[in-house]
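> only geometry, no sequence info:
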Ligand code: GLV
Ligand code: MG
């Protein structure tokens, strides 16, 4: 393997492999919708789901029983041909099994050969450090060359071990294939020995309470977000590397309100999207990860008030300057991306 010096960083890692991308494609990725590909009934709904979600992911890892791993792999290959993914502008991803599992190598070999032209991103679970990405990067280059692919498949890491969190900055910078990182709160909780039994979200025991009251009445208390530190650290690692950060799974499918709040916190802190495990969560993610029309209108007023992005202006009593212009640009650019895909939101943003 060649050293990752600045000059080598964008060279293909195998003769005949496509050159790494200098820039990530700009895509709307508000939700990565997880599909269990071994289930015929669910697979049959893929074309319909591909019209609703920004990204569809065929899952091969956890939640797929050991005796269904091969059927799931075949299911992803079938999904590749069920939709004109690139033509329609829906992302087509897969999550492979972990590097130390008996399935990883066959997952990679079969998927790149038989679905490599359609696959945009391979999600790699339980990434512990840049060495895991380097290995997958090299293997992918060999497989891409053998399959004659002309477009590189990108990589997405799940942050779900304590070691991975400790090395998240190095993971984000490990390869030009890195598209993003997702929080994996279920595995991360186990690896950290957090005393929980949930997939993401808050916990009723993780809270702060007010000081004892003079009247000895009940003390006000509020739940805190146990994921705040990790999400913020992941966002910094990703944005510093020019890649995207994502919330992960929210397991309580019935608690739409808590799901919406957890997604919104991630959106406000800088995440581009989240996972959806149920069609109800697609709708929530669409609502949360598309900027609010009122915010978009205010952002556009800021952009107009400082046409060259410099100087100072007052809007509704609030100071605007170069830095608020940059914030407004983030929201305005995202609104343009959303509007290009969603006529209802395009109308709401214009109105
Ligand atoms: C996702 O894979 C998680 O472990 O939360
Ligand atoms: Mg996991």
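Ah, there it is. This is a predicted model, so every value here is computed, not measured. Numbering: from 1, shown residues only. Ligands and ions are numbered 1, 2, ... in the order given.
> quick one: the helices in the stretch 1-150 of the chain?
Remark: helices assigned in the stretch 1-150 of the chain by DSSP state H, counting those that start in this stretch are 40-44, 46-52, 69-80, 85-88, 104-115, 130-147.
> could you dump the ones you listed to JSON lines with mean pLDDT, distance to ligand 1 and mean neighbour count?
To be clear about C-beta, it is placed using only N, CA and C from the backbone, and glycine gets the same treatment. What follows is those, written out as JSON lines (pLDDT from 0 to 100; distance: least, CB to the nearest ligand atom, whole Å; neighbours: other CB atoms under 10 Å):
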{"stretch": "helix 40-44", "mean pLDDT": "98", "distance to ligand 1": "18", "mean neighbour count": "12"}
{"stretch": "helix 46-52", "mean pLDDT": "97", "distance to ligand 1": "20", "mean neighbour count": "16"}
{"stretch": "helix 69-80", "mean pLDDT": "98", "distance to ligand 1": "15", "mean neighbour count": "20"}
{"stretch": "helix 85-88", "mean pLDDT": "96", "distance to ligand 1": "23", "mean neighbour count": "13"}
{"stretch": "helix 104-115", "mean pLDDT": "98", "distance to ligand 1": "15", "mean neighbour count": "19"}
{"stretch": "helix 130-147", "mean pLDDT": "98", "distance to ligand 1": "15", "mean neighbour count": "19"}
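> among those helices, which comes closest to residue 239?
Checking the helices of the stretch 1-150 of the chain against residue 239 by CB to CB gives helix 130-147 as the closest, at 17.7 Å.
> name every strand pairing with the very next helix or strand once past the closest one and say which way it goes.
Going down the chain from helix 130-147, the next helix or strand is strand 154-159, by DSSP states H and E. Strand 154-159 sits in its sheet next to strand 121-124 (parallel), strand 178-183 (parallel), going by DSSP bridges.
> can I get those strands in JSON lines with distance to ligand 2, mean neighbour count and mean pLDDT?
Converted to JSON lines, the strands paired with strand 154-159 look like this (distance: least, CB to the ion, whole Å; neighbours: other CB atoms under 10 Å; pLDDT from 0 to 100):
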{"stretch": "strand 121-124", "distance to ligand 2": "10", "mean neighbour count": "24", "mean pLDDT": "99"}
{"stretch": "strand 178-183", "distance to ligand 2": "9", "mean neighbour count": "26", "mean pLDDT": "98"}
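> so for ligand 1, which of these sits nearest?
strand 178-183 (7.2 Å; CB to the nearest ligand atom).
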